[in-house]
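Engineer: sequence below, structure please.
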Amino acid sequence: MKILVIEDDDNKYNPVRNFLIELYNNNVTIIHKKSFQSGMEILYAEKFDLLILDMSIPNFDVTELDDGGDTLDRGGEFILEEMDRENIITKSIIITQYEEFKGVSLAEIDKNLMEEFKESYLGCVSYNTGYDNWKNELEQLIKTNNLC
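Structural biologist: Got it, this is the predicted structure:
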């Protein structure tokens with residue numbers, strides 16, 4: 001299993017990564033990217049079995065010399081749209097800490113993504129550092145779609 005995780009926050013990425021390693025009994029390759037641009041670059045170049053992405057990501061990778069540009073509040077959605085335009089079909093799950101994006105609820109966004117990207121979008125997971133419910137939600141989406 002080859003999984004791409006697009007997540008800029010290491011405090012969220014590390015628990016997600018550890019959970020995936022445990023779920024797949026170490027039989028998984030996880031590639032980590034931290035922005036819209038670096039995520040799209042690797043999606044153009046390589047094939048993945050699963051994409052897990054944050055909804056809110058910077059446009060570019062943050063470095064000592066670059067602040068990453070504007071944060072894309074719905075960057076995960078933009079990645080799904082770009083993948084669709086480029087005919088990149090990869091099963092995808094959004095994992096986010098936010099319940100609303102510029103006045104639009106996560107539930108509404110999830111519903112719209114399910115309709116728009118029927119072939120690739122599997123759903124979204126609400127991440128909360130204080131609870132482990134996100135693990136059950138993520139595992140359910142993965143197993144329901146025979147990705148484990």
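
Engineer: who's in contact with the residue nearest the centre of the chain?
Structural biologist: By C-alpha atoms, centre = their mean, the chain has its centre lying nearest to Leu53, at 1.1 Å. By C-beta atoms under 8 Å, 6 or more residues apart in numbering, Leu53 lies in contact with 4-7, 39, 75-76, 79, 92-95. From N, CA and C alone the C-beta is placed, and that goes for glycine too.

Engineer: do Asp10 as well
Structural biologist: So Asp10 contacts nothing (C-beta under 8 Å, 6+ apart).

Engineer: contact partners for Ser38?
Structural biologist: 6, 60-61.

Engineer: nearest to Cys148, of those?
Structural biologist: Ile6 (19.9 Å; C-beta to C-beta).

Engineer: can you report how many residues neighbour Gly75?
Structural biologist: Residues within reach of Gly75, counting by other C-beta atoms under 10 Å, total 22.

Engineer: so which of the contacts of Leu53 sit within helices?
Structural biologist: 39, 75-76, 79 (DSSP state H).

Engineer: nearest residue to Val5 other than its sequence neighbours?
Structural biologist: In this structure, Val5 finds its nearest non-sequential neighbour in Ile52, 4.8 Å apart by C-beta to C-beta, 6 or more residues apart in numbering.
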